[in-house]
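A.B. asks: The following block contains a protein sequence and its predicted model.
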Amino acid sequence: MSRMYPLFMNNFVLPIYDIARGTSRFRAGLVLEKTQWFSQREIQKLRNDNLHTLLKHAYESVPYYRKMFKERKLLPSDIKDPNDLTRLPILTKDDIRKNFGELISNRVPKGGFIPCQSGGSGSPIKFYITKEKSSWEIAAEYRAYSWAGYRLGDRSFKLWGSPLDLSRSKGIIRGFAKRLERERVMDTYVISNKVLDRFAYLLMKFRPDIVRGYASSVFMLARYLIEKGVDDVRPRAVITAAETLFSSMRKTIEEAFGCPVFDFYASREIGAIASECEQHSGYHVSEENVCVEIVRRGEHVHPGEKGVILVTSLRNFSMPFIRYSIGDVATSCEETCRCGRGLALLSSIEGRVSEFMAVYDERQRRIVPVGPVYPVIINPAMHLPLESIRVIQESINRLLVKIVKGKGYSEKHTDFLLQHMQRYLGKDIEIDIEFVDYIPSLPSGKRSTFISKINPFEQN
């Protein structure tokens with residue numbers, strides 16, 4: 001029965017979904033299952049062809065991009081591959097807000113627009129997509145899940161904290177779909193020991209094939225299971241998303257669930273971007289749907305270097321996002337994966353730009369990004385008697401540390417934290433400690449332990 005039900009869902013129910021919704025996810029999924037095994041050269045050609053189609057469409061039907069091309073005396077044919085994209089400007093969230101109407105294609109019928117909203121920790125942006133774009137991105141998402149051994153219809157226990165997504169999951173029709181798909185969704189916007197106790201009970205009762213959700217939420221549940229001695233929940237795999245997955249978090253999750261962790265990288269604006277396969281040698285980019293650049297100070301970085309991620313959605317013809325600065329940092333890679341897939345790799349997803357600390361390098365007289373800061377600064381705090389901590393970089397020489405005290409916390413623990421941070425960051429940095437009763441989730445539902453108010457990748 002366990003094998004037959006996913007086959008029924010994927011080959012019978014999913015096509016009916018498409019007919020009822022006017023989507024093409026089943027067809028897109030069949031294409032992506034095939035193209036992932038193309039050679040690297042074949043995939044690059046497919047990506048470049050899709051990129052040219054999008055650029056031509058943007059030039060001919062999107063006022064904002066027609067203006068950008070004309071100002072730079074460019075034609076779509078001048079851009080052959082991602083290396084040539086540096087000739088076009090970077091698109092920021094502010095650009096989208098200021099030029100919203102000018103970014104909409106005049107070729108897509110108004111009835112074809114699907115209104116959407118970004119997540120993230122800052123002010124969200126609104127944008128439009130089409131059903132075709134949605135079909136491709138969901139198909140890419142579930143292809144990535146399949147690398148972890150998940151198929152639609154497997155029992156899935158999902159830990160999610162986004163109020164926007166959670167509100168959409170309610171209702172009779174959506175509730176029926178979730179039951180049909182055998183997915184249980186847990187609201188992790190507010191987490192306490194009482195909430196974790198309930199999650200643990202439901203987890204043992206549900207016995208999922210797959211656990212997936214926010215990296216921090218899955219980590220907190222895993223730590224709780226270890227503390228309570230619960231060791232008989234053994235899913236096939238755990239899929240983490242939405243937040244940076246640090247090695248210490250991965251180790252705890254794998255210990256608690258006794259299975260491998262697969263990290264998945266996506267955004268509401270673009271959809272599925274990159275994910276780990278069974279080899280865990282990096283993140284495969286969904287190149288059929290998205291073009292990824294890694295840049296620093298406007299230039300593409302060399303393999304093995306960190307930089308800011310720019311993404312171009314190759315499927316959104318209603319409101320194209322070309323060279324969109326998504327606010328994340330990754331390490332580039334030129335290696336191929338042993339799995340045999342021709343999809344390009346990113347060595348690692350390092351986290352949000354706002355999770356990187358900037359420090360002043362006296363030897364080179366420049367500001368350099370350090371981080372993500374979690375492994376060096378936050379990890380020691382995990383062994384102290386505190387319930388939660390958040391470090392905020394207010395400026396290049398000032399940190400604000402918010403702490404929720406745990407049982408047994410004393411002044412000596414504060415002294416330890418201050419000494420540890422100054423040893424790592426230098427004695428000139430000013431560190432303010434603020435004790436609070438509770439550290440709330442961000443509006444997105446994420447639980448960032450470090451937030452920087454400056455962008456170290458743009459500092460000189």
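C.D. replies: Done, it's in.
A.B. asks: How far does stretch 60-70 sit from its chain's centre?
C.D. replies: A distance of 29 Å separates the centroid of the chain from that of stretch 60-70, by C-alpha atoms, centre = their mean, to the nearest Å.
A.B. asks: Please save the CA atoms from that stretch in PDB.
C.D. replies: Extracted in PDB, the C-alpha atoms of stretch 60-70 (Å, rounded to 0.1, in the frame of the first residue of the first chain):
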ATOM      1  CA  GLU A  60       9.400  43.600 -26.500                       C
ATOM      2  CA  SER A  61       6.700  43.700 -23.900                       C
ATOM      3  CA  VAL A  62       8.000  45.000 -20.500                       C
ATOM      4  CA  PRO A  63       8.500  48.800 -20.500                       C
ATOM      5  CA  TYR A  64      11.100  48.700 -17.600                       C
ATOM      6  CA  TYR A  65      13.400  46.300 -19.500                       C
ATOM      7  CA  ARG A  66      12.900  47.900 -22.900                       C
ATOM      8  CA  LYS A  67      14.200  51.100 -21.200                       C
ATOM      9  CA  MET A  68      17.100  49.300 -19.600                       C
ATOM     10  CA  PHE A  69      18.200  47.700 -22.900                       C
ATOM     11  CA  LYS A  70      17.900  51.000 -24.800                       C
END
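A.B. asks: Can you give me the buried ones in that stretch?
C.D. replies: The neighbour-count check on stretch 60-70 (16 or more other C-beta atoms under 10 Å) flags 61-62, 64-65, 68-69 as buried. The C-beta positions use only the backbone N, C-alpha and C, and glycine is treated the same way.
A.B. asks: Keep only those of these that are in helices.
C.D. replies: 61, 64-65, 68-69 (DSSP state H).
A.B. asks: Adding pLDDT and distance to Asp78 as columns, could you present the buried residues of stretch 60-70 in a markdown table?
C.D. replies: Shown next, in a markdown table, are the buried residues of stretch 60-70 (pLDDT from 0 to 100; distance: C-beta to C-beta, whole Å):
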| residue | pLDDT | distance to Asp78 |
| --- | --- | --- |
| Ser61 | 96 | 18 |
| Val62 | 97 | 17 |
| Tyr64 | 97 | 18 |
| Tyr65 | 97 | 13 |
| Met68 | 96 | 12 |
| Phe69 | 97 | 9 |
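A.B. asks: Quick check: the farthest pair among those residues?
C.D. replies: Distance extremes for the buried residues of stretch 60-70: the farthest pair is Ser61 and Met68 at 13.5 Å, using C-beta to C-beta.
A.B. asks: ok, which stretches of the stretch 51-200 of the chain are strands?
C.D. replies: For the stretch 51-200 of the chain, the strands defined by DSSP state E, counting those that start in this stretch occupy 114-117, 126-129, 156-160, 183-187.
A.B. asks: Just give me how far the last one sits from the chain centre.
C.D. replies: Right, strand 183-187. When distances are taken as C-alpha atoms, centre = their mean, strand 183-187 is centred 19 Å away from the chain's centroid.
A.B. asks: try the third one
C.D. replies: Put simply, strand 156-160 sits 16 Å off its chain's centre (C-alpha atoms, centre = their mean).
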